[in-house]
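In: Sequence below, structure please.
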Amino acid sequence: RIAPGPRDRAEVTTMALTSAAIPPLATWHFLRGAVRHRRVTPWRGLPDLVLFDRDGTLVRDYPYNGDPELVKPVPGAEEAVDALRARGVRVGVVSNQSGVARGIVSREQVDACMARLDELLGPFETVQVCPHGPDDGCTCRKPAPGMVKAACAELDVDPARCVVIGDIGADVEAAAAAGASGIMVPTPVTRKQEVAAAPRVAATLTAAVDDVLAGRW
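Out: Okay, the predicted model is just below:
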C-alpha cells in the first residue's frame, strides 16, 4: 500500500492504522448484515413459467362446473396474471376435471369453460386438463406431476424454473413431484394440514404473484 510513495511518516502511520482497523471492521460489518438479514430468502430472479390451478385459484370454485357463465375470476386475478405477463413470465393453467370421468360434465363443457377463462384472463400459453377420476390411475391428475411436466415440455421450460400456484395440497404436491416450486393460496375449503405442509403459503393470489415477482419462490 505504501509502495507508490511518498513513504513518509504520515503515510506509513496512516496505512499502518487503517491496515489494522479494516479487517475487524469488515468482519463486524459482515456479521451485522448476516444477523440482520438472516431470514431473508435468496433472490432467485423470475421464473420462466407460472402455472395456475383453475377452480378456487383463478376463478370461484363451483364444483364440477360446466357453465361458462359461472366462470368468475377471483378478486385480483386479472391484475395478477397481467403483472406476470408484463415482466415476461409465461402463464398457463393445470386443472383437474374429474367431473368428466364421473359423468357430471362433458369434455365439451369443460373446454367451453376454459375458453371463457381465456376470454377473461387469457391468453394462456398452455392449458392442461386431466379428465380422469381419482381411481383411474393416470399420471396427469394432481398430485401426480403429469400436467406440470407436460406444460413445461410444451413450452420448453425446465421445471426448476416453473412455479405452480394453487389452493390445495394436490397443487403444490404436483409441483414438487415435477421438480417445480409450489405456492398455496388457501381458501375456506383448504384443509389445515395441507396448509401446514405447504412449502410456501400466500394469503391471496395477488400476494402469491407478488412473491414470485420479488424472487421469493
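In: who's in contact with Val201?
Out: Ile183, Met184, Val185, Pro186, Val195 (C-beta atoms under 8 Å, 6 or more residues apart in numbering). (Glycine included, C-beta is placed from N, CA and C.)
In: helix/strand/coil for the nearest residue to Asn65 once chain neighbours are set aside?
Out: In space, and not counting its chain neighbours, Asn65 is closest to Cys113: 6.1 Å by C-beta to C-beta, 6 or more residues apart in numbering. Secondary structure assignment for Cys113 (DSSP: H, G, I helix; E, B strand; the rest coil): helix.
In: Can you report how many residues neighbour Cys113?
Out: 25 (other C-beta atoms under 10 Å).
In: and if you look at the one 4 residues further on?
Out: By the criterion of other C-beta under 10 Å, Leu117 has 22 neighbours.
In: Give me the distance between the closest residue to Arg161 other than its chain neighbours and Cys162.
Out: What sits nearest to Arg161 in space, not counting adjacent residues and going by C-beta to C-beta, 6+ apart, is Asp48, at 4.2 Å. Separation of Asp48 from Cys162 (C-beta to C-beta, to the nearest Å): 7 Å.
In: Compare neighbour counts for the two and give me the winner.
Out: Remark: of Asp48 and Cys162, Cys162 carries more neighbours, 26 against 18, as counted by other C-beta under 10 Å.
In: got the phi/psi numbers for that one?
Out: phi -120, psi 140 (degrees, to the nearest 10).
In: Before we move on, what's the pLDDT of the residue lying closest to it once chain neighbours are set aside?
Out: Once flanking residues are discounted, Cys162 sits nearest to Ala180: 4.1 Å by C-beta to C-beta, 6+ apart. Predicted confidence (pLDDT) for Ala180: 98.
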